[in-house]
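> build me a model from this:
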Amino acid sequence: MAKKTVVLVYSGGLDTSICIPMMREEYGYDHVVTVTIDVGQPAEDIAEAAAKAKAMGTEHYTVDAKEEFARDYCFKAIQANALYQGYPLSTSIARPLIALKAVEVAKRLGAPGDPVRNFAHGCTGKGNDQFRIEYAIRALIPDAVIHAPIRERNLTRSWEIEYAKSKNVPIQQSLTKIWSIDENLWGRSIEGGRLEEPDFSPPEEIFRWTKGHDEALGKPAEIAIEFAEGIPVAINGEKMGPAKLVMKLNEIAGSHGVGRIDIMEDRMLGLKVRENYECPAATVLLKAHGALEALVLTASELKFKKQVDLEWGQLAYQGLWFDPFKDDLEAFIGKTQKRVTGTIRMKLFKGSMTVLGRKSPWALYSEELASFDTTTGFIQSESTGTVKNFGLQARMYLHLKQTMKS
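Below is the predicted model of the structure:
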């Protein structure tokens, strides 16, 4: 008899770890395949997830997707200045790739043209990831069967911890230290426990990538970030591949306390939740990219692109990576990025970042035209007629309004 197989999207955390015994005992699968996608988590976490999965008797796969994530997801987010309610999109843009790689494993496990169609994940029914992961899996395998035990059984974190203990599932969480951490190259999110309280001060111990104000380096750092068509390619003149560049900048900016964000976030289901993020490289790169766009794009392009970027960010936040509307938006974004080439100099110090200078061969700037100390190129007296007629219709309206009252 063929084994009944399920592919579990596996992080190694509490939620996904208890799914292993639940898939066997509650859902009737005798073959649990765990898939961990490396999008920049600590190497020890990846190794620990693999060891834990194998210790619980699963067939385990680890997929290294760091370079693909940085190149095809993080850098697209830079070009689109991707923010959601003020923070760089990180967790959301990793989910489609994670689902994609899980599907690739399912296709390898099945017969040619007949992939494994049973999937499971550890998302709760209150968060956004259930939408992102399930959308991507169904987009790639329309008849997929997807199990979400935490959501389906309305489980609490405390119940999960006790269940894990009863099934000898190794876990790191405890009833007193219960926050949940999600990490990739682009950002690190920390939530759960007392961190959910809007007025609770996050303890310094939850942060891993960024130094607090007192611990941040006492001397400012000046860095130069070079872009080619909207993509960062070098730091301080040193060319780097996508993943290495992001990781290097995480270290530099994090040591100066840049990239901590504490916000109240509106989730897709309408819940307002408190979230803590660390995203040093993303924060700096988005700031630098925006400064370079302001130098090379026209006022009309910048105005219209803000709306395009907002729409792109909304799709990415929801995980709709394969939506044709996203392709449409990227057609415009990609055209604008052909000129977003140049270097931005920045200063990092004690949690702050400041743009010091901008340079680009596509700069729409002329010192001769803009300077108050020149008399050639732009003849000031020629503005007289334009200024005289400026706001003509609005002035006519105001005059008529005053006349009607009299």
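> residue 330 touches residue 77, doesn't it?
No. Checked against C-beta atoms under 8 Å, the pair residue 330 and residue 77 is beyond contact range at 11.2 Å. C-beta: built from backbone N, CA, C; applies to glycine.
> once you drop chain neighbours, what's closest to the residue nearest the centre of the chain?
Among the residues of the chain, the one closest to the centroid is residue 90, at 1.8 Å (C-alpha atoms, centre = their mean). Nearest in space to residue 90, with sequence neighbours left out and distances taken as C-beta to C-beta, 6 or more residues apart in numbering, is residue 187 at 2.7 Å.
> what do you get for residue 255?
residue 217 (5.4 Å).
> who has more neighbours out of residue 330 and residue 77?
For the pair residue 330 and residue 77, the greater number of neighbours falls to residue 77 (24 against 16), based on other C-beta atoms under 10 Å.
> check whether the more buried one really touches residue 316, as I assumed.
Yes. The pair residue 77 / residue 316 is scored as a contact, 6.8 Å apart, by C-beta under 8 Å.
> could you measure from the residue located most distally from the centre of the chain over to residue 142?
What lies farthest from the middle of the chain is residue 406; by C-alpha atoms, centre = their mean that is 59.1 Å. Going from residue 406 to residue 142 by C-beta to C-beta, to the nearest Å gives 70 Å.
> over to residue 129?
Distance, residue 129 to residue 142, using C-beta to C-beta: 20 Å.
> more neighbours: which of these two?
residue 129 (23 against 8).
> ranges for the helices of the stretch 201-350 of the chain?
Remark: helices assigned in the stretch 201-350 of the chain by DSSP state H, counting those that start in this stretch are 242-255, 280-296, 299-318, 324-337.
> who are the packing partners of the longest one?
What that stands for is helix 299-318. If you count contacts as 3 or more C-beta pairs under 8 Å, 6 or more residues apart in numbering; DSSP states H and E, helix 299-318 packs onto strand 83-84, helix 91-109, helix 129-140, helix 280-296, helix 324-337.
> could you check how far the last one is from the centre of its chain?
With C-alpha atoms, centre = their mean, to the nearest Å as the basis, helix 324-337 stands 18 Å off its chain's centre.
> low pLDDT regions in the protein?
Scanning the chain for pLDDT under 70 picks out 1-2, 173-178, 368-377.
> I'd like the helices and strands packed on helix 299-318 laid out as TSV, including distance to residue 269.
Listed next are the helices and strands packed on helix 299-318 as TSV, based on distance: least, C-beta to C-beta, whole Å:
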stretch	distance to residue 269
strand 83-84	15
helix 91-109	14
helix 129-140	9
helix 280-296	25
helix 324-337	21
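> for those, which one sits closest to residue 383?
helix 280-296 (23.7 Å; C-beta to C-beta).
> give the contact list for the residue nearest to residue 255.
211, 255, 256, 349 (C-beta atoms under 8 Å, 6 or more residues apart in numbering).
> and which of those is nearest residue 393?
Among the contacts of residue 217, and counting by C-beta to C-beta, the member closest to residue 393 is residue 349, at 48.4 Å.
> for the closest residue to the closest one other than its chain neighbours, grab the count of nearby residues.
Leaving aside its chain neighbours, residue 349 sits nearest to residue 220 (3.8 Å; criterion: C-beta to C-beta, 6+ apart). Applying other C-beta under 10 Å, we find 12 residues neighbouring residue 220.
> how much space between residue 220 and residue 150?
Taken as C-beta to C-beta, the span from residue 220 to residue 150 is 45 Å.
> ok, residue 70 next?
In terms of C-beta to C-beta, residue 70 sits 29 Å off from residue 150.
> likewise for residue 33?
Relative to residue 150, and taking C-beta to C-beta, residue 33 is found at 19 Å.
> next: residue 295.
Counting by C-beta to C-beta - residue 295 and residue 150 are separated by 47 Å.
> looking at the two, which one has more neighbours?
Neighbours per residue (other C-beta under 10 Å) separate residue 295 from residue 150, with residue 150 holding more: 25 against 18.
> tell me the phi and psi of the more buried one?
In terms of degrees, to the nearest 10, the main-chain angles of residue 150 are phi -60, psi -40.
> if we can go back for a sec, next up, the contacts around the residue nearest to the centre of the chain.
By C-beta under 8 Å, 6+ apart, residue 90 lies in contact with 184, 186, 187, 188, 189, 277, 279, 282.
> let me see the ranges of the strands in the stretch 1-150 of the chain.
Using DSSP state E, counting those that start in this stretch, the strands assigned to the stretch 1-150 of the chain run over residues 5-9, 31-38, 59-64, 83-84, 87-88, 118-120, 145-147.
> within its sheet, name the partner strands of the fourth one and how each one runs.
Strand 83-84 pairs in its sheet with strand 87-88 (antiparallel), by DSSP bridges.
> likewise the last one?
When sheet partners are counted by DSSP bridges, strand 145-147 sits next to strand 118-120 (parallel).
> residues touching the strand it pairs with, excluding its own?
Contacting residues not belonging to strand 118-120 are listed as 4-9, 19, 23, 27, 29, 102, 106, 137, 144-149 [C-beta under 8 Å, 6+ apart].
> try it again with 6 Å
By C-beta atoms under 6 Å, 6 or more residues apart in numbering, the residues outside strand 118-120 that reach it are 6, 7, 8, 19, 23, 137, 144, 145, 146, 147.
> try stretch 138-153
Stretch 138-153 is contacted by residues 15, 19, 22, 27, 103, 117-125, 134, 137, 322 when judged by C-beta under 6 Å, 6+ apart.
> would you indicate which residues of that stretch are buried?
139, 140, 141, 144, 146, 147, 148, 149, 150, 151 (16 or more other C-beta atoms under 10 Å).
> equivalent analysis for stretch 63-82, please.
63, 65-66, 68-70, 73-82.
> kindly report the same for stretch 334-348.
336, 337, 339, 340, 341, 342, 343, 344, 345, 346, 348.
> which one among these gets closest to residue 365?
Nearest to residue 365 among the buried residues of stretch 334-348, with distances taken as C-beta to C-beta, is residue 342, at 11.3 Å.
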